[in-house]
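Undergrad: 3D model of this:
(one chain, ligands or ions: 2)
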Amino acid sequence: MAQRLLKFVSVDKAMPAKRGAAERRHDFGEIYGEFDAERAKQQAGRCSQCGIPYCQIHCPLGNNIPDWLMLTAEGRLEEAYEVAAATNNMPEVCGRICPQDRLCEGNCVIEKGFDSVTIGSVEKYITETAFTKGWVKPPKPLRELGQSIGIIGAGPAGLAAAEQLRRKGYQVHVYDRYDRVGGLLVYGIPNFKLEKQVVARRHELLALGGITFHLNFEVGRDASLAALRQRHDAILIATGVYQARDMACPGIGLGNVVAALDYLTSSNRKGLGDAVPAFDSGALDAAGKHVVVVGGGDTAMDCVRTAVRQGALSVRCLYRRDRKNMPGSQREVKHAEEEGVEFVWLAAPEALMGEGAVRQVRAHRMHLGVADGSGRQVPQPLPGSHFDLPADLVIMALGFDPEDVPALFGAPELGVTRWGTLKIDFRSMMTSLDGVFAAGDIVRGASLVVWGIRDGRDAAEQMHRYVQAVGQRLQGAAAADLAGHAVRAHRIRHRPRRDAHAGFLASQSKRSHPRARIRRWPDSRRIRCDPRLSRRGHGLSAAGSLRARAGAAVAVLRAVQPRA
Ligand SMILES: Cc1cc2nc3c(=O)[nH]c(=O)nc-3n(C[C@H](O)[C@H](O)[C@H](O)COP(=O)(O)OP(=O)(O)OC[C@H]3O[C@@H](n4cnc5c(N)ncnc54)[C@H](O)[C@@H]3O)c2cc1C
Ligand code: SF4
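TA: Ligands and ions are numbered 1, 2, ... in the order given. Below is the predicted model of the structure:
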């Protein structure tokens, strides 16, 4: 092993081949190529197999990184894929778009002076090889279960949960208001970071595995949450956050001032071949325009780089803090700079100017003042520092807030936090509604794909526990009821006819007759949780009712037991 590993002292860090900026400015293809087998082995072999793998600790999925690096260095790729896939439902996606500089790679202990191992690229290489070789299979349960799960949202969180639950055997239904599966992976993140076919491939696998997708299905419009709860044994809400944050600034209502997600979605749809009137009219097309993007997160980075590719005359990014304090990935800033984007750090818009449509952004310089309660220095305008930038298109990328989910879903009793995200019990991941769980951005606020996957997996585990617990309770109660019914029905069936008549008369006055005993049956023995077991309202005779309830108990037992 030692021969193949610990190579960081003799082998330099290398990324897969990156296309030159001049070339990639003109298309939406991914900017990195892939490792070949030899290069992947070499780079994986730079791992020092340290005693405490900080890379693993800082990966939200707790990926077993040292093991898959070792297996790759040894050329055991199928095993490497098995290890990578054991903790991650989309390693090929995370390998491409995780901000590794802040997560696994940023915490690699050989970083100082030697540069970290290229973990993300090796992860992508392993998974792409697995797809090519046919090692990636649809989720196939060992046994089918009768219970059904409804998942609202086909983004990373919903898809990860769907796959985990399907593997356990549940009948999984995913509802999404978009016409394609993937959420922000498809309509937010541009192709040059993640090609759509990568997401479509996962969709196909999940559908082949038996997950049912209901697309163009908006919960709140096409069905209420209550209706879905009737349909399924448990529900997961993974709807992400979509309400664009706004800023108070004179001129914000001018034409050609657009929200980042509208802009990115139209560009992504255009790339997918959809008809996009707002793009075709030029309103959401940066071609031939001076573009100013306001914001410093991943969304802003995607906007500036999209504008470059659409043929903008100039692209500037205005951010009120400095480079060190921006939330977006440093790697993305570097790519954007290479592609010709100009970053205007420590600057914020003061007013948007123009007649009808924006023509200019008046900005002022900022400085970082004292830290607030969150520990971040607060940007403050420098008086008299304003300057003007030409702008035919201003894209606001200031972040996202959750929509009003309780109102949209017709479920006012669904608890939310003061930020509008769904409130859950962090151990059970259940919302304030019994059997309704939540995961991903709608719980965390705008976050990362890798966290969405992690939440989806955790929620799937908790939903499984919940459904099994309900099933066992039902099963136990049904079994007890069944035994009780059998004994009583037997007694009634075999009692002497005369006695029965006499008993019936006696039951008018005495409470010792079998029917009287049935009537006195304590409430606690009834299975109140399943209406199928209720005798009330059936208008059956005592023995008939008992038979019906015994039949219902058998039905419940069958439903909660695995099918062969
Ligand atoms: C422009 C942009 C770039 C990003 N870049 C990166 C990056 O490089 N790396 C990274 O790790 N993260 C990135 N992120 C963040 C990442 O995309 C999200 O954190 C992640 O997608 C959240 O997953 P989710 O499943 O919670 O929600 P989403 O991906 O938002 O999926 C939610 C799904 O729910 C559906 N939905 C919503 N409401 C309803 C309803 N009422 N009925 C039915 N369906 C509904 C939506 O249509 C959507 O498909 C980026 C985000 C944006 C906006
Ligand atoms: S999932 Fe993301 S953080 Fe984890 S190892 Fe892969 S690239 Fe790194």
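Undergrad: and the stretch 301-450 of the chain, which of its residues are near ligand 2?
TA: Within the stretch 301-450 of the chain, the positions lying close to ligand 2 (CB under 6 Å from any ligand atom) are Val450. For every residue, glycine as well, the C-beta is placed using N, CA and C.
Undergrad: with the chain instead?
TA: So the chain meets ligand 2 at 59, 61, 63, 65, 88, 94-95, 98, 100, 103-104, 119-120, 123, 450 (CB under 6 Å from any ligand atom).
Undergrad: contacting residues around Pro381?
TA: Shown in contact with Pro381 (CB atoms under 8 Å, 6 or more residues apart in numbering): Ala348, Glu350, His364, Arg365, Met366.
Undergrad: could you look up the SS state of Gly150?
TA: At Gly150 the chain is in strand, as set by DSSP: H, G, I helix; E, B strand; the rest coil.
Undergrad: rewinding a little: the residues of the chain next to ligand 2 also near ligand 1: which ones?
TA: Cys98, Val450.
Undergrad: run a quick neighbour tally on the closest residue to ligand 2 within the stretch 451-564 of the chain.
TA: Nearest to ligand 2 in the stretch 451-564 of the chain, going by CB to the nearest ligand atom, is Ile453, at a distance of 7.8 Å. Close neighbours of Ile453, defined as other CB atoms under 10 Å, add up to 29.
Undergrad: just the ones of the contacts of Pro381 in strands?
TA: Among the contacts of Pro381, the members found in strands (DSSP state E) are Ala348, Glu350, His364, Arg365, Met366.
Undergrad: contacting residues for the residue of the stretch 401-550 of the chain found nearest ligand 1?
TA: Using CB to the nearest ligand atom, Gly440 is the residue of the stretch 401-550 of the chain that sits closest to ligand 1, at 2.3 Å. Residues in contact with Gly440 (CB under 8 Å, 6+ apart) are Gly153, Gly155, Pro156, Ala157, Gly158, Ala238, Gly240, Ser447, Trp451, Gly452, Asp455, Gly456.
Undergrad: can you rerun that using 7 Å?
TA: Contacts for Gly440 (CB atoms under 7 Å, 6 or more residues apart in numbering) come out as Gly155, Pro156, Ala157, Ala238, Gly240, Gly452, Asp455, Gly456.
Undergrad: out of those, the closest to Glu82 would be?
TA: Using CB to CB, Gly456 comes nearest to Glu82 of the contacts of Gly440, at 20.2 Å.
Undergrad: thinking the closest one is in contact with Gly153, fair?
TA: No - when contacts are counted by CB atoms under 7 Å, Gly456 is not listed as touching Gly153 (9.5 Å).
Undergrad: what sits in contact with each of these two?
TA: Taking CB under 7 Å, 6+ apart as the contact rule, Gly456 and Gly153 both touch Ala238.
Undergrad: report the buried residues of stretch 41-61.
TA: 41-48, 53, 55-56, 58-61 (16 or more other CB atoms under 10 Å).
Undergrad: pLDDT check: weakest of the residues you listed?
TA: Least confident entry in those, by pLDDT: Ser48, with 89.
Undergrad: how far away is Leu5 from Cys108?
TA: 14 Å (CB to CB, to the nearest Å).
Undergrad: more neighbours: which of those two?
TA: Between Leu5 and Cys108, counting by other CB under 10 Å, Cys108 is the more crowded of the two (26 against 18).
Undergrad: burial check on the closest residue to the more buried one other than its chain neighbours, number of neighbours?
TA: Counting by CB to CB, 6 or more residues apart in numbering, the nearest residue to Cys108 once its immediate chain neighbours are dropped is Ser116, at 3.5 Å. By the criterion of other CB under 10 Å, Ser116 has 21 neighbours.
Undergrad: tell me the pLDDT of Ser116.
TA: pLDDT for Ser116: 91.
Undergrad: could you do Tyr175 as well?
TA: Note on Tyr175: pLDDT of 98.
Undergrad: what is it paired to in the beta sheet?
TA: With DSSP bridges as the criterion, Tyr175 is bridged to Ile152, His214.
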